[in-house]
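give me a model of this one.
(one chain, ligands or ions: 2)
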Amino acid sequence: MAVQISPSILSADFARLADEAAAVPNADWLHVDVMDNHFVPNLTLGLPVVESLLKATSIPLDCHLMIEDPDRWAPAYAEAGAGSVTIHAEASRAPVRTLRQIRSLGARAALALNPGTAVEPYEGLLGEIDMLLLMTVEPGFGGQKFLDMVLPKIRTARALVERHGGEIWIQVDGGVTGDTIERCAEAGADVFVAGSAVYGSADRAAAVETLRANAAKA
Ligand SMILES: O=C(CO)[C@@H](O)[C@H](O)COP(=O)(O)O
Ligand SMILES: [Co+2]
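Ligands and ions are numbered 1, 2, ... in the order given. Next up is the predicted model:
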């Protein structure tokens, strides 16, 4: 699976989102962190901003919903035109139904697990998803330190995914930098979210290429 880089606009300038999207023409995805101040202790943006962003960029949007009731809201993001919609296993009360709705609306469906959530109990959901997101920080904020403790879970997830045909992407999110990305790739991740490592750099496109090159070293 080729390396894919998904810059997180959480670390971008929210007053200039169209320009910040244009600054990463070499990105595979644009990662949009939707936070509701309930599931996580932070508040970011929601559907109206995603709808505007969809008009402002041709980069597919990778919407990461860190919200209390993803079953209610996730389909609307798929309907709006997001390329991928991720719900958290810890928040969803009806993951099968919601993941199927996301797919039926034309988006890729993804399931996210917090650092302390084991992957094995979710093996039964692998047939319902296109991507598994393994959080490598506690969700809620950008700029946190990468949690090495998640590396064994990435390896376990890779083994489970291979057993299911290997078509599900494994995304990592949180503390992914030019330094930590190689360890994630070596453990089996193939889609890499990076907020501060991209939007904290003066040359955002160059930062994307450095991440891609470092991941490919693994
Ligand atoms: O979902 C989240 C945080 O909850 C992320 O997508 C962050 O936006 C990643 O930021 P960095 O750790 O790369 O700065
Ligand atoms: Co995220």
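
could I get the buried residue list for stretch 92-105?
92, 95, 98, 99, 101, 102, 103, 105 (16 or more other C-beta atoms under 10 Å). Heads up, the C-betas are built off the backbone N, CA and C, glycines and all.

quick one: contacts for the closest residue to the second one other than its chain neighbours?
If you skip the residues right next to it in sequence, residue 95 has residue 125 as its closest partner in space, 6.1 Å away by C-beta to C-beta, 6 or more residues apart in numbering. Taking C-beta atoms under 8 Å, 6 or more residues apart in numbering as the contact definition, residue 125 lies against 89, 95, 96, 99, 111.

for ligand 1, what is the nearest residue in this protein?
residue 195 (2.9 Å; C-beta to the nearest ligand atom).

count of neighbours near that residue?
Residues near residue 195, counting by other C-beta atoms under 10 Å, number 24.

then residue 56?
14.

likewise for residue 139?
Neighbour tally, residue 139, other C-beta under 10 Å: 22.

check contacts around it.
35, 39, 40, 66, 88, 112, 114, 174.

can stretch 32-49 be said to contact ligand 1?
Yes: Stretch 32-49 is in contact with ligand 1 by C-beta under 6 Å from any ligand atom, via residue 33.

now for the residue in the chain positioned nearest to ligand 2, how many residues are close by?
Of all residues in the chain, residue 64 sits closest to ligand 2, at 3.8 Å by C-beta to the ion. By the criterion of other C-beta under 10 Å, residue 64 has 27 neighbours.

sounds good, over and out.
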